[in-house]
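Colleague: give me a model of this one.
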Amino acid sequence: NLNMGGKKSNQKTAGPTPVSWVCDEIGKFDFKKSWEAAKPSFDTGKGSWRISPWLLGCLTAGNKVWTKDGDLINIEDLKTKQGIIGFNEKLQKYSKEEITHWQENYEKNCLKITTSKGKVIECSDDHPILKRFRNKSKWDNEKGVKERVVEFVEAKELSINDTICVIDEIPLFGEEKIEHSRLIGQLIGDGCYIKDQTPTLSTCDEEVYNYVFENFDYKINNHYVTKNNKNYYDIRIKNFTKNLKKLGIYGQSKDKKTLPNNVFRLCKKDLSELLGGFFDADGHVTIQSRNRGTIALSSAYKNLLDDVVMALLKFGIHGTINYNKGSDSGFGKGIGCYILTINDRNSIFNFYENINFSIKYKQDKLEKIYNFLKEYEKTGIRSIRPKNKNMKGLRTERIISIENVGFKEVYNLTANVTNTYLAGAIVTHNT
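Modeller: Sure thing, here's the model as predicted:
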């Protein structure tokens, strides 16, 4: 009421003094400004007022999100015009979302959740995350079967060993290119390019050093024959520093090494070659009993493997990062490293069809595993189970850790198509 609730006012048609205010879908408009506009009508002194603030679930700084163009950036660096990637349940694939609103930042109690495959999300404890229930099912009339329920729950409702949903694939590639992209990948793995020094590649793989010898001006710093009768070279690659500077990686060393600054904006071919080069250098293929096998990539620095995991997601390749403490004696004693392991059937298929090794003996092992799995699939024995209708386009990962990290500033946005967005690979919802 514009006249302090007076009953005889000529403005009495404005109605009585309000005592409560209810807002729906507050993530879609500026909640704070709306409240500031409404508040004077409550503070009239006529009667009382009450309001229950509905705060919003959201992500902390450092969480990675995907733009509509397929770039991967921190949420605090995301701009409205860049849009965001969500998951469309009907189409069972990624969804390009417009950002229609940003809520003003504020602090909330937050949780850090880690999955069995190394995915991490840090968010407010009321942020909705897509969960697949183990002991809750519903009847599918179309199929005539029961299927496990998949629905969003607040982060604080999750427990250790619960399974949450991650997207299966984000096949969004850019248009940027990298010259000699496979060699760049090999340098990231087996190279040294610290400041004020010529980039140096250390290798005993014939395919790698012959490529350098045939395409670049070089100088051999060191050469010897290994006990396996292989030629080992330390090769200085002249006039290559400018290539690394352009990619923002020249001068990096040890735990400061990263993938190129445009890695998530690369065209499909160059991203494939870049990752293939890294696997050439630090990757291996292990053939296990009955021709089963795994593809692995090792690095002393987990941040590198975290970026590789996200880049592989564009090809529908999934893996698990674990820490290997190293041997207890002999060569390499006490030298640990992180290992990214790829062993599920679809991921091995996708690796073979998209990445590959340039080193023959590694590629031969990969081809052997691939051919075996293809033949094994034809037998129908332990064939891939058809996914539940509500799980197509998704995978699940088990929660292994939930840590309360206290109050932190959070970022909240509204995606307007499906009201979902991906935190890394984890499917989350607007609030």
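Colleague: the closest residue to residue 188 other than its chain neighbours: how many residues sit nearby?
Modeller: Of all residues not flanking residue 188 in the chain, residue 278 sits nearest, at 5.5 Å (C-beta to C-beta, 6 or more residues apart in numbering). Every residue, glycine included, has its C-beta placed from N, CA and C. Using other C-beta atoms under 10 Å, residue 278 has 26 other residues around it.
Colleague: go ahead and confirm residue 278 touches residue 190.
Modeller: No - in this structure residue 278 lies outside contact range of residue 190 using C-beta atoms under 8 Å: 9.3 Å.
Colleague: would residue 196 count as being in a strand?
Modeller: No - Residue 196 sits outside any strand when classified using DSSP: H, G, I helix; E, B strand; the rest coil, being coil.
Colleague: just give the number of residues close to it.
Modeller: Neighbour number of residue 196 under other C-beta under 10 Å is 7.
Colleague: which residue ranges of the stretch 1-150 of the chain form helices?
Modeller: For the stretch 1-150 of the chain, the helices defined by DSSP state H, counting those that start in this stretch cover 31-42.
Colleague: do a quick rundown of the strands in it.
Modeller: Using DSSP state E, counting those that start in this stretch, the strands of the stretch 1-150 of the chain run over residues 59-60, 64-66, 72-74, 84-88, 93-97, 99-115, 120-124, 128-140, 145-154.
Colleague: residue 185 is nearest to which of those?
Modeller: Closest of these to residue 185 is strand 72-74, at 17.7 Å (criterion: C-beta to C-beta).
Colleague: neighbouring strands for that closest one, and are they parallel or not?
Modeller: Note on strand 72-74: by DSSP bridges, its sheet partners are strand 64-66 (antiparallel).
Colleague: might you list the low-confidence residue ranges for the stretch 301-431 of the chain?
Modeller: Judged by pLDDT under 70, the stretch 301-431 of the chain has its weakly predicted residues at 327-334, 380-390, 431.
Colleague: would you map the strands across it?
Modeller: 320-324, 337-342, 394-415, 420-423, 426-429.
Colleague: in TSV: those strands, plus mean neighbour count and distance to residue 208.
Modeller: Output for those, formatted as TSV (neighbours: other C-beta atoms under 10 Å; distance: least, C-beta to C-beta, whole Å):
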stretch	mean neighbour count	distance to residue 208
strand 320-324	14	24
strand 337-342	20	20
strand 394-415	17	34
strand 420-423	25	35
strand 426-429	24	36
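Colleague: same list, those, but as JSON lines with distance to residue 161 please.
Modeller: Shown next, in JSON lines, are the strands of the stretch 301-431 of the chain (distance: least, C-beta to C-beta, whole Å):
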{"stretch": "strand 320-324", "distance to residue 161": "16"}
{"stretch": "strand 337-342", "distance to residue 161": "21"}
{"stretch": "strand 394-415", "distance to residue 161": "6"}
{"stretch": "strand 420-423", "distance to residue 161": "20"}
{"stretch": "strand 426-429", "distance to residue 161": "16"}
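Colleague: how about those, which one is nearest residue 80?
Modeller: The nearest among the strands of the stretch 301-431 of the chain, by C-beta to C-beta, is strand 394-415 at 8.2 Å.
Colleague: pull the distance from that closest one to the chain's centre.
Modeller: Chain-centre distance of strand 394-415: 13 Å, with C-alpha atoms, centre = their mean, to the nearest Å.
Colleague: give the pairing partners of that strand; include direction for each.
Modeller: In the sheet, strand 394-415 lines up with strand 59-60 (antiparallel), strand 99-115 (antiparallel), strand 163-167 (antiparallel) (DSSP bridges).
Colleague: mean pLDDT for the ones you listed: which is lowest?
Modeller: The stretch with the lowest mean pLDDT among the strands paired with strand 394-415 is strand 99-115, at a mean of 93.
Colleague: go through that one and flag the buried ones.
Modeller: Of the residues in strand 99-115, 99, 101, 103, 108, 110-115 count as buried by neighbour count, 16 or more other C-beta atoms under 10 Å.
Colleague: contacts for stretch 250-269, please.
Modeller: Applying C-beta atoms under 8 Å, 6 or more residues apart in numbering, the set of residues contacting stretch 250-269 from outside is 69-72, 173-178, 181, 184, 188, 192-195, 199, 241, 244, 247-249, 271, 274, 300-301, 303-304, 307-308, 310-311, 314, 354.
Colleague: in it, what's buried?
Modeller: Buried residues in stretch 250-269 (16+ other C-beta under 10 Å): 250, 252, 257-260, 262-266.
Colleague: tell me which of the buried residues of strand 99-115 is nearest to residue 129?
Modeller: residue 113 (7.6 Å).
Colleague: wait, doesn't that closest one sit right on residue 401?
Modeller: Yes - at 7.1 Å, residue 113 and residue 401 qualify as touching, with contact defined as C-beta under 8 Å.
Colleague: what's the burial count for residue 238?
Modeller: Residue 238 - counted by other C-beta under 10 Å - has 12 other residues nearby.
Colleague: separation between residue 340 and residue 255?
Modeller: 16 Å (C-beta to C-beta, to the nearest Å).
Colleague: tell me who's in contact with residue 282.
Modeller: Counting by C-beta under 8 Å, 6+ apart, residue 282 touches 189-190, 297-299.
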